[in-house]
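A.B. asks: mind looking at a prediction? Sequence and model below.
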Amino acid sequence: MKIVDVVCSPGLTGFYFDDQKAIKQGAGHDGLFYVGEPATDGFTSIRQAGESISVQLILEDGQVAFGDCAAVQYSGAGGRDPLFLAADFIPVIEKHIVPQLIGKELNSFKELAEEFDNLQVEGKRLHTAIRYGITQALLDAVAKSKHLTMAEVVKEEYNTGIDINRVPIFTQSGDDRYNNADKMIIKGADVLPHGLFNNVEEKLGKNGEKLKDYVAWLRDRIQKYKVEENYNPVIHIDVYGTIGEAFGDDVEVMVNYLAELEEIAKPYKLRIEGPMDVGSKDGQIKIMAELTAELDKRNINVEIVADEWCNTLQDVKDFVDAGAAHMIQVKTPDLGGINNTIEALIYCEDNKKGAYCGGTCNETNRSAEILTNIGMACAADQVLAKPGMGVDEGLMIVNNEMNRVMALVNRRK
């Protein structure tokens, strides 16, 4: 089966592009808008509509396979590629990539993905968002040519050696962490609520007291309103480095605080993502490894999740090798080609680290569906419900795709 044509179309994502630099410099709020001038190249406002590009591959039997190019919410920040605007990058795809896609035989996803993930134009690799979407489309195309689910193709080509099953789904609340937690409890989310604790004074508390109060509230809320008696979700909270900021990156003080959180969260398991951000990859690995080791030494059952400074396949390997977390978020758009996500998840699993098939609220329904297949094929410890911050929509998309894949796989058994 060959690719005979390629069609691109602009699209929206499930959230927004936010200028992180301007926000950190103190941009104010007016409702959902940020007030002030943007500080990052490419932005025309501090918050603007998220954009995507659908890449549709026309196969010689008339089938259409597609994936969505998308980038994270804080594009252009932290060493990432620049803001991803459809009008800027559709011409790049049409000029430099379409001619190379047409005529390709769909024999091996892995070979095709590696070819296009490493493709260079004028001496530079393609934008991560382009590599992300092109490789999604290639996985869908190979699956359609073989009449298999995308999960089955990944399992077969990467020899994952696992049975394809459901995996836990992690829901994110955004700032509406109370109402959205209720939605998660009603629908029995496996892992919740993310929480977006990204400010010390407003959200964490100068001594971490506001987060303590929230964990206690969430524990009681689950107990009061859980639909099924055996409902036992994991509490996973992303603190965006604020624990380190509040406690001066002092490992002993942070461990003591996490021990308190563990007690408050009981009987539920607690994960804390991004406890600190020391401003460099090497520094982050060092302190995360120290924190993880001290928690283990003291038998404190709080799992630390790596996020900041862990953006590429090599970064994932470096964090894993250093023991710099209990779980790694594989931030899927930042890795470019989805072949890198697959390799990263497998590396985590092979080295007994939690594998979190993550991403961003600023993706699309299509990228969410495809990455759900990958999470299932790699037996990830959790996959992110995405896109958006509304809970219901992202959870629906990921849950329903998971169930569709399971139904088809079971039919073949």
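C.D. replies: Looks like it arrived, so ask away.
A.B. asks: which residue is the nearest non-sequential neighbour of M150?
C.D. replies: In space, and not counting its chain neighbours, M150 is closest to N373: 3.8 Å by C-beta to C-beta, 6 or more residues apart in numbering. Quick note: C-beta positions are derived from backbone N, CA and C, even for glycine.
A.B. asks: for that neighbour, what are its contacts?
C.D. replies: Residues in contact with N373 (C-beta atoms under 8 Å, 6 or more residues apart in numbering) are 139, 149-151, 154, 401, 405.
A.B. asks: and the closest residue to H326 other than its chain neighbours, how far is that from R411?
C.D. replies: Leaving aside its sequence neighbours, H326 sits nearest to E303 (C-beta to C-beta, 6+ apart; 4.0 Å). To R411, E303 is 36 Å away according to C-beta to C-beta, to the nearest Å.
A.B. asks: and these two? Which one has more around it.
C.D. replies: Neighbour count, other C-beta atoms under 10 Å: between E303 and R411, E303 has more, with 19 against 7.
A.B. asks: give me the below-cutoff pLDDT ranges for this protein.
C.D. replies: Flagging of the chain using pLDDT under 70 yields the residue ranges 78.
A.B. asks: go again with 50.
C.D. replies: Scanning the chain for pLDDT under 50 picks out nothing.
A.B. asks: and it, what are its domains?
C.D. replies: For the chain, automatic domain parsing gives the domain ranges 3-158, 169-412.
A.B. asks: picking up where we left off before, quickly list what the residue nearest to H326 is bridged to.
C.D. replies: Counting by DSSP bridges, E303 is bridged to R271.
A.B. asks: identify the residues contacting it.
C.D. replies: E303 is in contact with 269-272, 326-327, 354, counting by C-beta under 8 Å, 6+ apart.
A.B. asks: can you rerun that using 6 Å?
C.D. replies: 271, 326-327 (C-beta atoms under 6 Å, 6 or more residues apart in numbering).
A.B. asks: ranges for the helices of the stretch 201-350 of the chain?
C.D. replies: 209-225, 242-246, 251-265, 281-297, 313-321, 338-350 (DSSP state H, counting those that start in this stretch).
A.B. asks: what is the fourth one packed up against?
C.D. replies: By that I understand helix 281-297. If you count contacts as 3 or more C-beta pairs under 6 Å, 6 or more residues apart in numbering; DSSP states H and E, helix 281-297 packs onto helix 251-265.
A.B. asks: make it 8 Å
C.D. replies: Counting contacts by 3 or more C-beta pairs under 8 Å, 6 or more residues apart in numbering; DSSP states H and E, helix 281-297 packs against helix 251-265, strand 302-306, helix 313-321.
A.B. asks: wait, which of the ones you listed is closest to N198?
C.D. replies: Closest approach to N198 among the helices and strands packed on helix 281-297 (C-beta to C-beta): strand 302-306, 14.9 Å.
A.B. asks: now do that closest one against helix 251-265, angle only.
C.D. replies: Going by axes from the mean of the first three to the mean of the last three C-alpha atoms, to 10 degrees, strand 302-306 is angled at 120 degrees with respect to helix 251-265.
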